[in-house]
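In: Build me a structure from this.
(one chain, ligands or ions: 1)
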Amino acid sequence: METFGKRLAEAMDKRGRLCVGIDPHAALLTRWGLSDDIAGLERFARTVVEALADRVAVLKPQSAFFERFGSRGIGILESTIRQSREAGALVLLDVKRGDIGSTMAAYASAYLDPASSLCADAITVSPYLGVGSLQPAFDVAAANGGGVFVLGLTSNPEGPSVQHAVASDKRTVAQTVIDEISQLNVGAEPLGSVGLVIGATIGDTGHDLSRVNGPLLAPGLGAQGATPSDLRSVFGESLRNVLPSYSREVLAAGPSVVELRAAAERAAADCETALG
Ligand SMILES: O=c1ccn([C@@H]2O[C@H](COP(=O)(O)O)[C@@H](O)[C@H]2O)c(=O)[nH]1
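Out: The predicted model follows:
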């Protein structure tokens with residue numbers, strides 16, 4: 001079985017380095033002329049899949065926007081994941097789970113076990129119960145060719161108050177997370193299957209990403225103010241592993257499939273130029 005790291009590296013080579021988020025904000029549904037209900041959600045998600053799943057490397061449904069419609073929203077999330085994967089996109093489910101290990105095992109079954117109707121190629125997780133508590137997710141992912149993206153340095157302005165805190169060994173909390181994840185990817189080729197989320201908004205924070213050997217998801221581009229030209233200062237020598245991620249900036253081009261594709265192509269081209 002191919003690892004997630006290998007599948008992602010191949011997808012980025014073939015389709016370009018772009019992740020597009022599927023974030024059905026109420027404001028976007030309105031902007032698209034859709035109702036803020038289950039029918040609007042379904043149309044929105046289906047349109048994004050039709051426009052982009054056969055061409056971008058990764059689609060990233062944001063679970064929260066589906067969960068807000070209850071069980072029927074989860075049903076749409078299931079079909080969105082399935083249709084996206086059938087069309088050839090890798091699906092990174094942005095669900096940011098994190099809990100004690102025994103509960104984490106249940107989350108891992110829900111999102112990374114092919115027997116589950118919510119199974120994605122990869123998920124986002126939060127390390128703030130300790131990176132070790134995420135082991136069940138790493139194990140289930142590894143057993144099934146899946147991936148896990150761990151929050152490292154997030155794109156929101158509140159992140160540094162926790163992530164830049166300095167521990168007794170003089171490393172920041174984020175650097176501790178980065179170093180633990182780096183250990184999980186030692187020797188993986190062409191890319192490890194455990195990634196980090198590093199916001200494109202954060203600037204040069206002095207954190208060392210050089211040993212991660214895994215994908216670096218970069219949200220915060222577009223609507224949160226970061227531009228592709230910010231990527232170099234954030235990622236330095238680790239630019240080769242960056243997967244730029246846009247949600248609202250691209251989604252605002254809908255509901256036209258043609259316009260959505262054009263917006264994604266522009267974003268990918270801008271990032272490719274910046275990533276070199
Ligand atoms: O540090 C993080 C981690 C995750 N996100 C998620 O990415 C998208 C960003 O959406 P935009 O519309 O491009 O701002 C959203 O789903 C966040 O939950 C993040 O922004 N920052």
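In: Three-state assignment for the residue nearest to Asn185 when sequence neighbours are not counted, please.
Out: Among residues not flanking Asn185 along the chain, Gly192 sits closest, at 2.7 Å (CB to CB, 6 or more residues apart in numbering). Placement of C-beta: from N, CA and C, glycine included. Classification of Gly192 by DSSP: H, G, I helix; E, B strand; the rest coil places it in coil.
In: for the one 5 residues further on, same thing?
Out: When the structure is reduced to helix, strand and coil (three-state DSSP), Val197 reads as strand.
In: picking up where we left off before, next, count neighbours for the residue nearest to Asn185.
Out: For Gly192, the neighbour count with other CB atoms under 10 Å is 25.
In: And it, what's its pLDDT?
Out: Predicted confidence (pLDDT) for Gly192: 98.
In: How about Phe4?
Out: pLDDT, Phe4: 98.
In: quick one: the spatially closest residue to it that is not a sequence neighbour from Asp99, how far?
Out: Leaving aside its sequence neighbours, Phe4 sits nearest to Gly147 (CB to CB, 6+ apart; 3.3 Å). Distance, Gly147 to Asp99, by CB to CB, to the nearest Å: 19 Å.
In: More neighbours: which of those two?
Out: Gly147 (29 against 16).
In: isn't the more buried one right up against Leu92?
Out: Yes - the criterion here is CB atoms under 8 Å, and Gly147 meets it with Leu92 at 7.5 Å.
In: Need the overlap of contacts for the two.
Out: Asp121, Ala122, Ile123 (CB atoms under 8 Å, 6 or more residues apart in numbering).
In: need the contact list for the last one.
Out: When you say that, I think you mean Ile123. Counting by CB under 8 Å, 6+ apart, Ile123 has contacts 92-95, 97, 107, 111-112, 137, 146-149.
In: With that, I have no additional questions.
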